[in-house]
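A.B. asks: structure, please.
(chains A and B)
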Amino acid sequence: MLEVRGVAKRFDPATALLDGIDLEVRRGEWVAIVGESGSGKSTLLNIIAGLDRPDRGEIALDARTLSFGDDDALALWRRRNVGFVFQAFHLLPYLTVAQNVELPLALNGVAAAERKPRAEAALAAVQLGGFGVRRPGTLSGGEMQRVAIARALVHAPALVLADEPTGNLDETNATGVLDCLRDAAQRANACALMVTHSRRAAAAADRVLVLAAGRLTPQP
Amino acid sequence: MNLALALMLARGAFAANRLRLALTIACIALGVALAAAVHTIHTSALAEIERAAHALAGRADLEVRGPRSGFDDEWFVKVAMRPEVLAASPIVEVEAAVAGGDQTLRVLGIDPLRAVRLQPAFVAGGGAANAADAGRLLDASSLWLTPSAAARLGARKGSRIKTIAGSSEVEWQVAGILEELAESGDLAVVDIAAAQQRLGRLGRISRIDVRLRPEANVSEAAQALRAMLPPGVVVAPPASIAGRAAAITRAYRVNLDALSLVALATGAFLVFSTLALQAARRRQEIALLRAMGVTRHGISILLGLEGALIGLAGAAIGLALGIFASRLVLRGVGADLGAGFFGGTSTVFAPDAAALALIALAGIGTAVSGALWVARAAARIEVAEALRDRAADLPVTRSRIGWIALAFALLGVPLILLPPIDGLPLGGYAGIAAWLAAAVIAVGPLCRVLLARLPEGTDAVGGIARAQVGHLPGHLAASVAGIVMSASLCVAMAIMVFSFRVSLEEWLNGVVGADLYVRSGAGGDSGYLAEDEVARLAALPQVRALEPLRYDRLALDPSGPPLSLVARPLTERMMRGFRATPAIAAPGDEVTIWISEAARDLQGWHPGERVKLPIAGRLVDAHVAGIIRDYARTWGAVLIAIDDYRRITGDSRVNDIAIHLAPGVRVQDAEQAVRAALPAARGLRFEDAAEIRRRSLEIFDRSFAVTYALEAIAILIGLAGVTSSFAALAWSRRREFGMLRFLGLRRRDILRLLALEGAATGGLGAAIGLATGIAISLVLVNVVNRQSFHWTLEVHWPVGALAALVAAIVALCAIGARVSGAMAVRDEAVLAVKDDA
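C.D. replies: As a prediction, this is how the structure comes out:
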């Protein structure tokens, strides 16, 4: 389970961007956070990922609290426990699709012989079996995002974070990607947290929270 | 695309990349400055020689010149009595060793009453203000110095100077300074009779300056004089030394010019890299322009203009720098860039405007060519796609690159087989350029082949680095190409210079084989030992054997370099040392000579031929027995048995003596014995074989100092390209780095990633450069060097130095990439993952 307790962050003395955020996401649960641009959604995501330090509060994953003092330790923690899906996909253009998916496994020291079948399986799970030898530049937006989802889950992380995963997609592709993301997260039994400004995208989640004025509240 | 719009867009592009732009302009400027400085120093040196020669020649229409040992002074009367001759001035010219040091002084012995009719400045400073002054003009111990000679010797009017003549010292009193001959360089003027008597030139003169009657035809007069003069005495235009100096030094000057232009050409890759990065970043801007109706040609004009502006700025700054640097060098150090052709500080500054303009154009052309290469890629941008996405590279066309590279490689082969053109190895240079072009064009395919051979590692960061380099975006390929260019140059020169040094060292070990060498005076041609002095040395118990050596310089062609004559005993050991082929001549009565490779090439002589040598005023039939290797005399040498020489000339003097000591005798004891045997010999100089070899190799090393500097600058420019490329690449990959940070890479992992990519780039460039450099070195040794300087060298491989060079390139590229990318991996970079960051 992901636990966020009392997290606060302020970028200027007058305004608290995050003002005491509390959140729990269970394993296998998909939670969406919606909010206007500038409401602090990405900041919250960065703090949960250990890439930004809160002014106060703490983050815990499966009852282990993150220590924000050690950058290396946070990187290693992310490597093992977190998968990311970005709005702009962020696939490496000079790697094949399979190599992009294998990247988290390689970073975790998984041997090549084991990496390849796991990457193929991850691609098959997002309906991209056989795409392994292609380059990202030859894929459509929806296909690239599904590759990104495969990469985010190939190493069976405990936590999946998605930052506007459908921001660059048309409606049809967006629906397909969201379905893919949900299925993959459930199969992996990961805690899935998505931030988005689209209430339509958020509706695909199990639970929707609204971030406004630094506070997180359930969507009415 | 109109000019105003193009300038506006260019200004915008430059403003966004000020630092990189400044670096690019600086590298172009450096290349232009180098080429301009080297060329200006040499043209100034030649101008100085010409000015000095003309100042000395005065109103002479012709000069009659003999060998270094001079010719009979009776010919002066015969020349002066010619009907077409208005005035003639005999001159004795001796390069006199200055006692007590290593300096020499060029001494002209003149007849003041005759010389004044051709060059009044010879005697103007000497006075005639009163009768006492006039008398001093003919005083046997008086000597006049030009201002530069006085400054060098630290002398003024009234000072005493000693020179070596034979084995004795001769004292002179400085009677005055010849201010009017300030432009004539470093020399001393004495009375001709004093020069003949006191410098051992009795009955001999070196030159006759001739002024013709106004109605005389110069070429007919020259022809008439040639017909009457003895062999070995040539008739030439006055101040022909300037033309000879230009001819003698041409190959050396062209070689240095070529080197400095290679450094400039390396800058082209930096320009390409900078503009390619700019174009990649402006991909959407370029696509927008195309969508708005600008043609591909218009895009080419825009990018070409940007390249031209970079080139113009670089060329302007470079020219100014180069001219300033050359002035500094000429004033402070002189025109000698190491090879010893031009000595002393220079008072003449004579930039060649046409050559400098060409160098500036080369700088601009370098930048424009880099820009147009980018324009080709930019023109291939798919407009619709580029307007949609944010890919950060230009399209690359890979078809036919391999064939084009192969074509250049094959083209190089017939070029390097061409004979010299006008005495220059132009075919060799063109072949080298073709092979460099082939290597640069083939960078992409070669990198892919080399990377494919690398084993797959288990390190994820290493795998990402390998994939990124293998992907080889266009600007990275340009950086590799820049490294290839500069590394090839360094490798080729390192092998050539090392081969030369080892060959020279082995040759010195062969020809410098005696235990002790004795000469009178440190240099010049005024010192010698007489026959009786040699006999006294031969009789010493410390001496097992001695070999006398006598040198002269023969004038065969008035416009060409002189031919050295070396007379010595031709022992089997010595002939082996000279690598004589064949080593021994067939017995016979005729005079047998061996000629050096330079003499073979320059004079067109061959073994088995009979040639006529002008020795001692007559033509001597000589049989060319074979070829020797001679690194000491650049313009050709003839080796003759000293017995034959003495029989022909009657000259029993000796310049050097090579002494083989009796067993158990120490060199220091032998020196003492020699001094005791010749108590009156004040200017004796002793050197053992090790000292001679060491000194020779020191001179050799010094002569390549400028070459090493040029190579280092070429490498620096190549490294600047890599660093610049990586800085931009890292910045454009901030989002990628942010994503990798999200995936769990630490900051230092990303810096290691950059270092690995830098090392891979450097390694690829160094590997390709190493292979190309080896091929080019073989051309340098066997074609360029042989056609320029006529020397045979064996190829030797400086394995340690090459390994160190490759390691240094790899390390510097790794460090440069890591340092230049450090900005891109700061914390804030993580936020670049956001789409709207």
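
A.B. asks: give the buried residues for the helix or strand of chain A with the lowest mean pLDDT.
C.D. replies: The weakest-scoring helix or strand in chain A, judged by mean pLDDT, DSSP states H and E, is helix A:71-81 (a mean of 83). For helix A:71-81, the neighbour count (16 or more other C-beta atoms under 10 Å in any protein chain shown) marks A:71, A:74-79, A:81 as buried. In short, each C-beta sits where N, CA and C put it, glycine included.

A.B. asks: repeat that for stretch B:792-799.
C.D. replies: Within stretch B:792-799, the residues that count as buried by 16+ other C-beta under 10 Å are B:793, B:795-796, B:798.

A.B. asks: I'd say B:Leu411 and B:Ala434 touch.
C.D. replies: Yes: with contacts counted by C-beta atoms under 8 Å, B:Leu411 reaches B:Ala434, the gap being 4.7 Å.

A.B. asks: so for these two, which sits in the more crowded spot?
C.D. replies: More neighbours surround B:Ala434 than the other of B:Leu411 and B:Ala434, with 20 against 16 (other C-beta atoms under 10 Å in any protein chain shown).

A.B. asks: for the closest residue to chain A within the stretch 101-250 of chain B, pull up the helix or strand it's in.
C.D. replies: Proximity to chain A, evaluated over the stretch 101-250 of chain B using C-beta to the nearest C-beta, is greatest for B:Arg250 at 50.4 Å. Taking DSSP states H and E as the definition, B:Arg250 sits inside helix B:240-281.

A.B. asks: the closest residue to A:Gly141 other than its chain neighbours: how many residues sit nearby?
C.D. replies: Excluding the flanking residues, the one nearest A:Gly141 by C-beta to C-beta, 6 or more residues apart in numbering or on different chains is A:Leu169, at 5.3 Å. The number of residues packed around A:Leu169, counting by other C-beta under 10 Å, is 22.

A.B. asks: then B:His790?
C.D. replies: Quick note: B:His790 (other C-beta under 10 Å) scores 20 neighbours.

A.B. asks: let me know the pLDDT of it.
C.D. replies: B:His790 carries a pLDDT value of 90.

A.B. asks: how close does the closest residue to it other than its chain neighbours get to chain A?
C.D. replies: Using C-beta to C-beta, 6+ apart and skipping residues adjacent in sequence, the residue nearest B:His790 is B:Ala598, 3.8 Å away. Distance, B:Ala598 to chain A, by C-beta to the nearest C-beta, to the nearest Å: 56 Å.

A.B. asks: what's the neighbour count on B:Ala598?
C.D. replies: 21.

A.B. asks: tell me the mean pLDDT over the helix or strand hosting it?
C.D. replies: B:Ala598 is part of helix B:597-603, with elements assigned from DSSP H and E. Over the span of helix B:597-603, the pLDDT mean works out to 92.

A.B. asks: low-confidence regions, the stretch 351-500 of chain B specifically.
C.D. replies: B:382-399, B:472-475 (pLDDT under 70).

A.B. asks: the strand or helix carrying B:Pro614 pairs with which strands, parallel or anti?
C.D. replies: B:Pro614 belongs to strand B:610-615 when assigned by DSSP H and E. Take DSSP bridges as the rule and strand B:610-615 pairs in its sheet with strand B:618-628 (antiparallel).

A.B. asks: the partner strand: which residues count as buried?
C.D. replies: Going by neighbour count (16+ other C-beta under 10 Å), the buried part of strand B:618-628 is B:620, B:622-628.

A.B. asks: what of stretch B:455-463?
C.D. replies: If you call a residue buried by 16+ other C-beta under 10 Å, then stretch B:455-463 has these buried ones: B:460-463.

A.B. asks: and the residues you listed as a markdown table, adding secondary structure and distance to chain A?
C.D. replies: Converted to a markdown table, the buried residues of stretch B:455-463 look like this (DSSP: H, G, I helix; E, B strand; the rest coil; distance: C-beta to the nearest C-beta, whole Å):
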| residue | secondary structure | distance to chain A |
| --- | --- | --- |
| B:Ala460 | helix | 4 |
| B:Val461 | helix | 8 |
| B:Gly462 | helix | 10 |
| B:Gly463 | helix | 6 |
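
A.B. asks: enumerate the residues of chain A near chain B.
C.D. replies: Within chain A, the positions near chain B by C-beta under 8 Å from any C-beta of the partner chain are A:42, A:46, A:49, A:51, A:71-72, A:75-80, A:82, A:84, A:86-88, A:90, A:92-95, A:99, A:103-104, A:106-107, A:109, A:111-112, A:137, A:163-164, A:167-168.

A.B. asks: A:Ala8 falls within a helix, correct?
C.D. replies: No: going by DSSP: H, G, I helix; E, B strand; the rest coil, the assignment for A:Ala8 is strand, not a helix.

A.B. asks: all strands of chain A, in order?
C.D. replies: A:2-12, A:15-25, A:30-34, A:56-61, A:64-65, A:82-85, A:159-163, A:191-196, A:207-212, A:215-218 (DSSP state E).

A.B. asks: tabulate those strands in a markdown table, adding columns for mean pLDDT and mean neighbour count.
C.D. replies: Below are these laid out as a markdown table (pLDDT from 0 to 100; neighbours: other C-beta atoms under 10 Å in any protein chain shown):
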| stretch | mean pLDDT | mean neighbour count |
| --- | --- | --- |
| strand A:2-12 | 89 | 16 |
| strand A:15-25 | 88 | 18 |
| strand A:30-34 | 94 | 23 |
| strand A:56-61 | 92 | 16 |
| strand A:64-65 | 90 | 12 |
| strand A:82-85 | 89 | 26 |
| strand A:159-163 | 92 | 25 |
| strand A:191-196 | 92 | 27 |
| strand A:207-212 | 92 | 18 |
| strand A:215-218 | 90 | 13 |
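
A.B. asks: how about the ones you listed, which one is nearest B:Ala221?
C.D. replies: strand A:82-85 (95.3 Å; C-beta to C-beta).

A.B. asks: what does that closest one contact?
C.D. replies: Here strand A:82-85 makes contact (C-beta atoms under 8 Å, 6 or more residues apart in numbering or on different chains) with A:49, A:104, A:145, A:148-149, A:151-155, A:157-163, A:165, A:181, A:190, B:739, B:742-744.

A.B. asks: again, 7 Å this time
C.D. replies: A:49, A:148-149, A:152-153, A:157, A:159-162, A:165, A:181, B:742-743 (C-beta atoms under 7 Å, 6 or more residues apart in numbering or on different chains).

A.B. asks: stretch B:604-614 too?
C.D. replies: B:231-232, B:554, B:556, B:595, B:599-600, B:619-627, B:638.

A.B. asks: which residue would be the closest one in chain A to chain B?
C.D. replies: For chain A, C-beta to the nearest C-beta, closest residue to chain B: A:Arg79, 2.5 Å.

A.B. asks: for that residue, which non-adjacent residue is spatially closest?
C.D. replies: Closest residue to A:Arg79 in three dimensions, ignoring its sequence neighbours and counting by C-beta to C-beta, 6+ apart: B:Gly744, at 2.5 Å.

A.B. asks: in a helix, B:Gly773, correct?
C.D. replies: Yes: when three-state DSSP is applied, B:Gly773 is found to be in a helix.

A.B. asks: that one: how many residues sit nearby?
C.D. replies: Close neighbours of B:Gly773, defined as other C-beta under 10 Å, add up to 28.

A.B. asks: got the contact list for the residue nearest to it when sequence neighbours are not counted?
C.D. replies: Using C-beta to C-beta, 6+ apart and skipping the chain neighbours, the partner closest in space to B:Gly773 is B:Val491 (2.5 Å). The contact partners of B:Val491, taken as C-beta under 7 Å, 6+ apart, are B:769-770, B:773-774, B:777, B:802, B:805.
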